[in-house]
Structure formats: structure tokens, C-alpha cells
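**Q** Below are the sequence and a predicted model; questions follow.
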Amino acid sequence: MKDELFFNIWRNKFIRNEISKQLLFIVNEFKSFNSKKEIIDYEWIEFVKNIQYRGKETLEVGDLPTNGIIYSLFYSSVGEILPNSLPQTIRELEIDFLLLNHYKFIRDTIPNCLRSLTITSFIIGHSITICSNCLPETLKSLVIVAPKLFIEDGSLPNSLESLYLMDMEVVDFKQSIFKDFEKSELIDLSIQCENGTIGNQSFSNRLTSLIYSFRGYSSPTLIKKEFFQSPSSIEFLEIRLKNELQKFGDQVIPITTKNLHISLENSDQKICKNLIPQSVESLGFFFKTFRPNHDLIEPFSIPLSVKKIEINENYNVPIKLNIFPQNLKELKFCCNFNQPLDEPGIFPNSLTSLVLPRGFNQNILPGVLPSSLEYLWFFSPLLKPIESNILPSNLKALYLKEGLNLHDIISNPLSLDPSLNILKVR
């Protein structure tokens, strides 16, 4: 009965052709080619949706089918991108330059309906120039990873929502890089460069996420208030400073910022008063280097609005009073912290969650852990396991890394409250 039904359907020429076509689409979802000849000789090229091309020849007009369904293309290029050589059906394009010392994107090199463009080059000294009218108004995402980048004024389409400029020695754009600054839709921006000229009027008023990393070591850099648009719409901000001469100006961080990450990579830098605005609710610190007994965070420098703090890398100094705000709910040490917790009051009474990192094995004295604490993490055995009465009475869960025994943390585990949840984490 089933075979008869199948053959009755299969004898229908129209249905049979449609089924065959759909099977070809499935089989040819992705194909990789190492030469133009492989593309030309492939019988079902018009059914290929995603192509990876790693040939040594430059693609010319007609090498890729214009009547196909190519959606994404990875193009490992040894030469220039020729005008009109890429099909207009392409929506996602990644170009990896292998040999050229300089490339200038001009008109008609990029498909008119493109939504996502990634450009990479790891050649020392290689530069990329984005000229005006070369990127389509449909473009939503642009990622450029290259040593040098030059963007002509008005070169980026207003449709762009995310822009990532990565691993650059030089980035240069002095005025508005968008065709119409007031209509720009950019909401997500990341800049990581050694040296750069960045105009004050280059960013959208709609920008909600900004990562700014300046790695230059040669000259002082003062991040001024004018760096950000006023009024600002930024809610997530990450700033990485690597030079002891790089400093924040007074009240530079936008007052709209809710999620703030600060990376300080020189031991002379520290978090001072009036740096973090009252709008910040979640705070992340990245300390790349540290000096023993060097105060990385000044007392009362973190506002009461902050409810969550995550400290990454190289924070291994004694915790002093009034470092953490009195409304703090969550505190996480990610690594390297290994100082005795021996002074009551260093943690605020509002704290409900505390993560002590891998490698922490120091003493915890009575009265240090606040009564408000509900969740506590350990990832390493303590040199001196604590008494169970040191744990707050409100504690709901004790998290231990897989492989840790309760005896590694608590000297008298049988005296623990039976209602306390003991959970294992990786």
C-alpha cells in the first residue's frame, strides 16, 4: 500500500521534479572550491547556497552564477575584488586578503543587497580603504580585522547597526563616517587599535553598546567627555587602557551607562572617585598587571547603584573597608584573588551571592561573611577549613567544584544545617 502510494506520487512529473530539486538544494547546502575550474565544472552550481572559495585565481564576472541562490561566500583572495564579479544574491560575505599590501574598496565591488560583511587581513602593514558609495544601504553588520584602516567621510551606510574594527595598528576617520550622521542606525560599536584619529562626531546618537580599546604606548591619551555624544544613549560600555599616560577625563563615562567594563593594563592606574556614574548597575574590572599592596580601587569610588561586580585577573590585594558599595548583591572573583578574609564589614550586608575563585585557599574569620549571603561558591580546598558557624544562617546553597569534598571547606560538615543545599559545579 505504501509503495503503491509512493509510485502514484512519483509518476507525477511536476511533483517528481520538485522533489528532485529540493534534494539538490539539501545536498548542495555548502561547497568548497579550490580553483575557478572546480566552480565552472560543478554540474549543480546553481543549487549551491553557501560557497567557500580558496583558489589562487581572482574571480571574474561570470565565474559565479548570477541566476543561482548563493547566499553566503567566503572569498580567500590573492588579488583584487573585481567590480560586478560577485552575484547580487549574496547576503553574507567574508573576504580574507592573503597577498595584497593595500586594497581600496570602490563602487560595484560589493553586492547591492549584502547584509553582513567581514574583511580580514593579517599581512603586516596591510591597509584597507573604504571609499564613499562602495557599501550598500542594506548592510547591517561590518567587521574589519586588519593592521591599517582608512575610512573616507560619509563612506558607511546609515543602515549599519554593528561595526567591529579589530586588531588595528592605525584607524583613521576624522569626521562623520556615515552618509547622514543624524540618520545613522548604529547601535553596536567596537574599536581596538594601537593608534588612531577618531572624530568626535563619528558615532550615532542611537549607540547603545561601545567597546573602545586603545593599545598605543607612545603618546598620552585623555578620553574626554566630548568623545561621547551628548545626550548619550550608551548602555553597555567597555574601555581598555594600556598606557599609564592614558586617563579618563572628569565625568567622562555617559550617565546612561548601565553595564560598564573597565580594563586597566598598567599597575599605576586605578579606579578613582567620580569615574563611575550613578546609572551603572553591573560592573566588570579587568586588571592586566598588579603591584603588591597597590590600591586598585579607591574607597567609595563605586556608586550605590551598582548591584553586580565581576573582577577578572590579577586582583590580589587585601580587601579594605568601603571598597564595595552598600547595595551590592552579587560579587564574583574570577581568578588570582587569594587574600585572607579577616576583617568584618569588608562585604556589604546587602550581598546575596559570593564567588571565590579557583586558587583561593585563605582563612575566613567569623563575622566576615554577611548575614544576607544566600549563595557561596568554592573552587579550591582551603588551607584551614572553616567552622560551620562561620557560614551565614541565611545561606541557601553552597557550591563546590567537582572533585572537592565538603571536608575541604568545612571542618565539621555534620553540624551543617540539613536544609542547606550542597551542589557540585564544573
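**A** Thanks, I have it.
**Q** Low-confidence bits of the stretch 301-426 of the chain, can you list those?
**A** Within the stretch 301-426 of the chain, no range satisfies pLDDT under 70.
**Q** go on, the stretch 101-250 of the chain?
**A** Within the stretch 101-250 of the chain, the stretches with pLDDT under 70 are 168-176, 179-182, 193-205, 214-232, 241-250.
**Q** Show me the strands in it, by range?
**A** Applying DSSP state E, counting those that start in this stretch to the stretch 101-250 of the chain gives strands spanning 102-105, 116-121, 127-130, 141-145, 148-151, 162-173, 188-198, 209-214, 222-223, 236-241, 247-248.
**Q** nearest to residue 338, of these?
**A** Closest to residue 338 of the strands of the stretch 101-250 of the chain is strand 236-241 (Cβ to Cβ; 24.7 Å). All C-beta atoms are positioned from the backbone trio N, CA, C, and that covers glycine.
**Q** ok, that closest one: who's next to it in the sheet?
**A** Here strand 236-241 is paired, per DSSP bridges, with strand 209-214 (parallel), strand 259-264 (parallel).
**Q** In JSON lines: the ones you listed, plus mean neighbour count.
**A** Shown next, in JSON lines, are these (neighbours: other Cβ atoms under 10 Å):
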{"stretch": "strand 209-214", "mean neighbour count": "20"}
{"stretch": "strand 259-264", "mean neighbour count": "20"}
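**Q** how about those in TSV, adding distance to residue 271?
**A** Converted to TSV, the strands paired with strand 236-241 look like this (distance: least, Cβ to Cβ, whole Å):
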stretch	distance to residue 271
strand 209-214	17
strand 259-264	7
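**Q** one step back: take the strands of the stretch 101-250 of the chain and write them to CSV, including distance to residue 376.
**A** Output for those, formatted as CSV (distance: least, Cβ to Cβ, whole Å):
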stretch, distance to residue 376
strand 102-105, 54
strand 116-121, 43
strand 127-130, 50
strand 141-145, 40
strand 148-151, 47
strand 162-173, 38
strand 188-198, 35
strand 209-214, 32
strand 222-223, 37
strand 236-241, 28
strand 247-248, 34
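**Q** OK, contacts around residue 138?
**A** 112, 113, 114, 115, 157, 159 (Cβ atoms under 8 Å, 6 or more residues apart in numbering).
**Q** Am I right that the second one is in contact with residue 139?
**A** This points to residue 113. No. Counting by Cβ atoms under 8 Å, residue 113 stays clear of residue 139, with 9.4 Å between them.
**Q** out of those two, which sits in the more crowded spot?
**A** The neighbour comparison of residue 113 against residue 139 (other Cβ atoms under 10 Å) goes to residue 139, with 23 against 14.
**Q** What separation do you get for the more buried one and residue 59?
**A** Distance, residue 139 to residue 59, using Cβ to Cβ, to the nearest Å: 20 Å.
**Q** now do residue 282
**A** Distance of residue 282 to residue 59, computed by Cβ to Cβ: 46 Å.
**Q** ditto for residue 344
**A** Residue 344 is 70 Å from residue 59, by Cβ to Cβ.
**Q** With neighbour numbers in mind, choose between those two.
**A** Using other Cβ under 10 Å as the criterion, residue 344 and residue 59 rank with residue 59 on top: 19 against 13.
**Q** would you list every one of the helices in this protein?
**A** 2-10, 13-27, 36-41 (DSSP state H).
**Q** Would you indicate which residues of the shortest one are buried?
**A** For helix 36-41, a neighbour-count test (16 or more other Cβ atoms under 10 Å) marks 36, 39 as buried.
**Q** Extract the CA atoms of that helix and return them as PDB.
**A** Taking C-alpha atoms only, helix 36-41 is exported to PDB below (Å, rounded to 0.1, in the frame of the first residue of the first chain):
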ATOM      1  CA  LYS A  36      37.800  28.500 -10.700                       C
ATOM      2  CA  LYS A  37      37.800  25.400 -12.800                       C
ATOM      3  CA  GLU A  38      36.200  23.400 -10.000                       C
ATOM      4  CA  ILE A  39      33.400  26.000  -9.900                       C
ATOM      5  CA  ILE A  40      32.900  26.000 -13.700                       C
ATOM      6  CA  ASP A  41      32.900  22.200 -13.900                       C
END
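**Q** roughly how far is that helix from the heart of the chain?
**A** How far helix 36-41 lies from its chain's middle: 38 Å, per Cα atoms, centre = their mean, to the nearest Å.
**Q** Now that helix: average pLDDT?
**A** The average pLDDT within helix 36-41 is 89.
**Q** Equivalent analysis for the first one, please.
**A** The predicted model gives helix 2-10 an average pLDDT of 64.
**Q** before we move on, what about the second one?
**A** Taken as a whole, helix 13-27 has an average pLDDT of 65.
**Q** list the contacts for residue 32?
**A** Residue 32 is in contact with 51, 52, 53, 54, counting by Cβ under 8 Å, 6+ apart.
**Q** hey, what's it bridged with?
**A** Bridge pairing for residue 32 - DSSP bridges - gives residue 52.
**Q** Return the distance of it relative to residue 76.
**A** Residue 32 is 10 Å from residue 76, by Cβ to Cβ.
**Q** can you list residues touching both of the two?
**A** Counting by Cβ under 8 Å, 6+ apart, the residues touching both residue 32 and residue 76 are 52, 53, 54.
**Q** out of these, who's nearest residue 406?
**A** Among these, residue 52 lies closest to residue 406 (Cβ to Cβ), at 51.9 Å.
**Q** I figured that closest one hits residue 30, correct?
**A** Yes. Residue 52 is within contact range of residue 30, at 7.4 Å (criterion: Cβ under 8 Å).
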